[in-house]
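Novice: Pasting a predicted model and its sequence here:
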Amino acid sequence: MEKIQELIKKILTKEIIFYIIFGVLTTLVNLGSFYIMNTLFHWNENVSNMIAIVLAVLVAYVTNKDLVFHSKAEGAKEKLTEFFKFILGRAFTMIIEFFGGLLLFQTAIPTMISKCVVTVIVIILNFFISKFFAFRSNKESKNESHNETA
């Protein structure tokens, strides 16, 4: 039992708990804005969905940058690079989500279970892409490569 508690403490760090909290917020922004645009304003579902996705990704970027990974980016160039890395990572996982669904929806696994499996994989990938690619500062990368050669 003690080993399980130690493992949970290692996994459930402040960073991961915040990532989960803001992930739920991002999902609510996505679903809520889609509902408002499509149901209340009667906008086209594809237009509503695209705008909802963009809003959700922007909320995810801001919350992840400032509250989860505490970005150290300085200056416009570094911040813009970080933003594009984040968007590139999300585009990559969107492709994985699309093709994962394409593959799993053809199996005997129920559709919603398939969707949930792919979603969990994408969430995990998004965490690692954000942590080690998008919000990894140039200074951290330089320090680590310097430490490895020293």
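Specialist: Looks like it came in fine. Numbers count the residues shown, from 1 in each chain.

Novice: and the residue lying closest to T111 once chain neighbours are set aside, backbone torsions?
Specialist: The shortest distance from T111 to any non-neighbouring residue, by Cβ to Cβ, 6 or more residues apart in numbering, is to F105 (6.0 Å). For every residue, glycine as well, the C-beta is placed using N, CA and C. Dihedral angles of F105 (phi, psi; degrees, to the nearest 10) stand at phi -70, psi -20.

Novice: F105: neighbouring residues, count only.
Specialist: Neighbours of F105 under the rule other Cβ atoms under 10 Å: 13.

Novice: so it sits right up against I113, yeah?
Specialist: No - when contacts are counted by Cβ atoms under 8 Å, F105 is not listed as touching I113 (10.6 Å).

Novice: pLDDT at L12, what is it?
Specialist: L12 is assigned 90 on the pLDDT scale.

Novice: Now do it against Q5, distance only.
Specialist: Distance of L12 to Q5, given as Cβ to Cβ, to the nearest Å: 10 Å.
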